[in-house]
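Participant: just a sequence and a predicted model for now, questions to come.
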Amino acid sequence: MGILKLRIHQGTSKVEMTMEEFKKWVLRNLDADQDGKITKDELAEAVGRRGEWFAGLKAWKGMRSADSNRNGVVDDIEITNLAEFAQKHLGIMIKS
Ligand SMILES: [Ca+2]
Ligand SMILES: [Ca+2]
């Protein structure tokens, strides 16, 4: 019997989902006040929950890249812009 080798990524348990599922995930998990928009604070809260440092700063950067129309929040049409951020800081893997 051979030795079973498991590839375990320690401390980086990633949740795999499609872009459609990701949108729902964002609204369910990030949108604290359920208004359909993600604010910098809601983003920071999510990053902080993962135990990451500089949650506020990361959220601010994520906000800057995701908020295409510069109205200060991530609207539902901009949620896909958060995909890269989520893969980096929120333990998400987007399947293509
Ligand atoms: Ca909100
Ligand atoms: Ca926006």
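Facilitator: Arrived safely. Ligands and ions are numbered 1, 2, ... in the order given.
Participant: so is the residue most central in space within the chain in a helix, a strand, or just coil?
Facilitator: Most central in the chain under Cα atoms, centre = their mean is Ala86, positioned 2.7 Å from the mean C-alpha point. Secondary structure assignment for Ala86 (DSSP: H, G, I helix; E, B strand; the rest coil): helix.
Participant: ok, now which ones touch the nearest residue to it once chain neighbours are set aside?
Facilitator: Sequence neighbours aside, Ile92 is the residue nearest to Ala86 in space, at 4.1 Å (criterion: Cβ to Cβ, 6 or more residues apart in numbering). Backbone N, C-alpha and C define where each C-beta goes, glycine included. Going by Cβ atoms under 8 Å, 6 or more residues apart in numbering, Ile92 touches Lys14, Val15, Met17, Phe22, Trp25, Ala83, Ala86.
Participant: show me which residues of the protein sit near ligand 2.
Facilitator: Asp67, Asn69, Asn71, Asp75 (Cβ under 5 Å from the ion).
Participant: how many residues are close by the third one?
Facilitator: Spelled out, that is Asn71. Neighbour count for Asn71, taken as other Cβ atoms under 10 Å: 10.
Participant: and it, what pLDDT?
Facilitator: Here, the pLDDT recorded for Asn71 equals 98.
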